[in-house]
Each structure stands twice: as structure tokens, then as C-alpha cells.
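Asker: have a look; sequence and predicted model below, questions after that.
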Amino acid sequence: MRQPFFLKTLLVILLLVIFVSCEKKSSDPGANQPTSSDKIKIGIYYPLTGDIATFGQFGKKGVEMAVTEINASGGLLGRQVEAIYEDTRGQQQDSTIAVQKLINKDKVVAVLGESASTNSLAGGAVCQENKIPMITPSSTNPTVTEIGDYIFRVCFLDDFQGEVMARFAANSLKAKRIAILYDNGSDYSIGLEEFFTSTLKKLGGEIVAKEAYQKTDVDFSAQLTKIKGSKPDAIYVPGYYTQVGQIAQQTRKLGMTIPLLGADGWDSPSLIEIGKEALNGCYFSNHYNVEDPDPTVSNFVKAFKTKYNTTPDTTAGLAYDATNILFAAIKRANSTESKAIRDSIAETKNFPGITGVITISNARNAIKPAVIVGIENGKYVVKEKIAPVDKQDVATNK
Ligand code: PHE
């Protein structure tokens, strides 16, 4: 009699211990088990202040719009999405710190950002190291996605963008003697200077002067005086809007009326405010046309204007697309596990974005068209829409 009773008691105690330990586990806040009431956290690092602040401010609006929309429609995998924003001040070091914080402290499942390529190179290295997927909405330098298999982008690349402008200069403007004024502290600017030059040369053009500046510069007259002496037909300035606006002003002050040519880094609501009429007759390559009558674009522009009382710029459109591509990937993966999200982003095909139809290539890039924007009376006018070209084509297509 004694033995079975002893065994029974032991069994009861054992069951109790198991039950209590299970209870404890599921209510333990450190267990990190997602329940349907937990939010899916995504991390965004952007320059919300500093000399490229409009990229971050407008990019943030684009992300916010996509987040508001998904949450209003019931969320993602039955959970609400929480976006956590970090300000990089447009600095490389701050970008590293911002991404470390988002991953280690906030435990985000994916990261979006930065805008400037130099900053995405810094933040991207942290994401790759931690195997957290990152999509940069707008960093166009080719090396960004070369960091590794967790780093994606939804915009075109600078080898394409540089070619596009060189072709426009040589073929449409008949400008073959070009001077270059570039930011030699920016991976973006350095890359574009090279890509533009190689295409221009293939098209029979010549770089008659090459001068550099730094983003802290405010006086560009020494470089511009040298450029003036080289008698160029146009000046290629692959920089960001704050310096471009000042360079345009100072170019006109020196009596040069030739066009300035640039790239997507010009695009900002502040460009014309800084450069004013000095920018009339100038051109830059960009990602999309806000006045495109295509309903995907016009509906977004309308909704954005209603929400923010301002027109979306390029960064806003690209950020909206990057966010929605991430959401679609999480949905397809039916998981918030980072490897599953990574694999699912890589499978993105024919996504109907604001900035074009997006398919992610094997190299984790998007192959997309570009537009050439002209500035006339302080307004943007789309001059040309250029389909993606492969490099072979540029060499033969004069
Ligand atoms: N393409 C730029 C870069 O890589 C950033 C940028 C994109 C800025 C689009 C404005 C608009 O640095």
C-alpha cells in the first residue's frame, strides 16, 4: 500500500512543478514570445536634421503613410506595426549608432534607411553583421547592396543615373565640354563623377575641369573660377541640394550662364528656396514624376497632400515603396523571423510602386527607369523618361 501512495504523491508533485514552470514561462516578460497583441517593430534611420534634413523628413512621411495604412487595414499578420525613428543628422557615425540602437535595444525585425549612400554604407554594415534585413529607399551608390545578402534597395543605381545624364548632356544638350564639381567626401558624389565621366568619354565628350568641395563648404568661388577658365558647355554637380543651391548662386555671380547638371540628390523642396532663379535652365536625373497621371502615382500624391499639406518629393515616394515592399515580404513570409523576411524581400517581383514597377534582382537591386527634370521658372518640368539601359547599349548607342 505504501509504495503506490508514495508514487502517486510523487507524480502529483511532478505534474505541479511542470505546470507551474510552464505558467511562469508564458507570463515571463523576458521570454520574448510574440503574441497577437505584440507590435511588429521596424526601425528607420534617416537624417531628420542637418544639411540633408529634407530627405529624412520627407522619407519619414512616406514611411508613416504606409504604416498608417497597414495598421488601419488590420495590421500585418494580425499585429499592428510600430515604426521607430532615429535621427542620423546626416552623419556617418550617427548612422552606425542609430542602427545599433534599433537592432540591439529596440529589437526591430527589419531596418529602413538611410537616404545618403555614405550613411547607408555605415548602417548597412551593422545590419549585415546582425543579419537583420535592411532596405534602403534611396541610396543609389552600387557598393551599398554589395555589403551583403541582407541589404536591399528599391531605387536605381548611380552607374545608370550617371550614364543617363551624360547621354542627355551629349545628345540632347549637345554639351560635350563638361566641367565637374563634386563632393569628395561623399560616396554618392564620387561614384557619379566616375560614371558620368566614363559615359561622356564614350560619347566623344571631354571633361575640361574637375574640382572638389566638402559638404561643410559655403564658398565655392575658387573652384568655380577655375571652372570658368576651362570654358565648359555645362557643369556636372552630383551633390546634395544645400550645396547645389549655393553653387548655382555663385556660378551666376561669376557671370556663367551655362546649365548646371545634377542627379537625384538635388531633389528637395528646399532646392529652389536656396538656389532661386540661378537654377533656371538646369537639369537633374530623378526617380519619378509626381505629375505622372498613372493612378498609382496620382492617388498617392493626392493622399499625401491631404495628410501633410505638401507635395511628396522623391524621397517620400521611395520611402513609401520601400515600406510597402517590406510589408508585402513579411506577409508572404508569414513570419517576422529575419532570415524568412530576407528571403521573402529577395523574391519581390513586379511590385507596383509609386516610383515604378519594382523587381529585386539577384544583386538585391531594383532595375528601374529614370526621368530627366528641367527647372523652368522655378518649377520642375519632366523632359525625358529613360528606360533602364544596359552598359553595352550605352557604348554602342551614340
Ligand atoms: N541617391 C542619393 C544617395 O545615394 C540620395 C537621394 C536619393 C537623395 C533621392 C535625394 C533623393 O546618396
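Answerer: Nice, I can see it.
Asker: relative to the ligand, how far out is the closest residue in space to Asp343 that isn't next to it in sequence?
Answerer: Leaving aside its sequence neighbours, Asp343 sits nearest to Ala333 (Cβ to Cβ, 6 or more residues apart in numbering; 7.0 Å). Using the backbone N, CA and C atoms, a C-beta is placed for each residue, glycine as well. Ala333 sits at a distance of 27 Å from the ligand (criterion: Cβ to the nearest ligand atom, to the nearest Å).
Asker: likewise Phe327?
Answerer: Here Phe327 is placed at a distance of 21 Å from the ligand (Cβ to the nearest ligand atom).
Asker: doesn't that residue belong to a helix?
Answerer: Yes: the assignment for Phe327 is a helix, going by DSSP: H, G, I helix; E, B strand; the rest coil.
Asker: within range of the ligand, give me the residues from the stretch 1-150 of the chain.
Answerer: 55, 115-117, 138-141 (Cβ under 6 Å from any ligand atom).
Asker: and which of these is nearest Ile190?
Answerer: Checking those against Ile190 by Cβ to Cβ gives Asn141 as the nearest, at 8.4 Å.
Asker: report pLDDT for the closest one.
Answerer: On pLDDT, Asn141 comes in at 98.
Asker: I'd guessed it sits against Glu193; true?
Answerer: No: between Asn141 and Glu193 there is no contact under Cβ atoms under 8 Å: 11.6 Å.
Asker: any idea of the pLDDT on Leu15?
Answerer: Listed pLDDT for Leu15 reads 47.
Asker: any stretches of the protein with poor pLDDT?
Answerer: The model of the chain has pLDDT under 70 over residues 1-37, 389-398.
Asker: tell me the contacts of the residue most central in space within it?
Answerer: The centroid of the chain falls nearest to Ser138 when counting by Cα atoms, centre = their mean (1.9 Å). Contact analysis of Ser138 by Cβ atoms under 8 Å, 6 or more residues apart in numbering lists 55, 59, 115, 153, 155, 264, 287, 314-315, 318-319.
Asker: check Tyr283 too.
Answerer: Tyr283 makes contact with 165, 168, 173, 259-262, 372-375, 383, according to Cβ under 8 Å, 6+ apart.
Asker: how about it, phi and psi?
Answerer: Phi and psi for Tyr283, reported as degrees, to the nearest 10, are phi -140, psi 150.
Asker: which residues does the closest residue to the ligand within the stretch 151-300 of the chain contact?
Answerer: Nearest to the ligand in the stretch 151-300 of the chain, going by Cβ to the nearest ligand atom, is Tyr188, at a distance of 3.4 Å. Listed by Cβ under 8 Å, 6+ apart, the contact set of Tyr188 reads 116-118, 139-141, 158, 238, 265.
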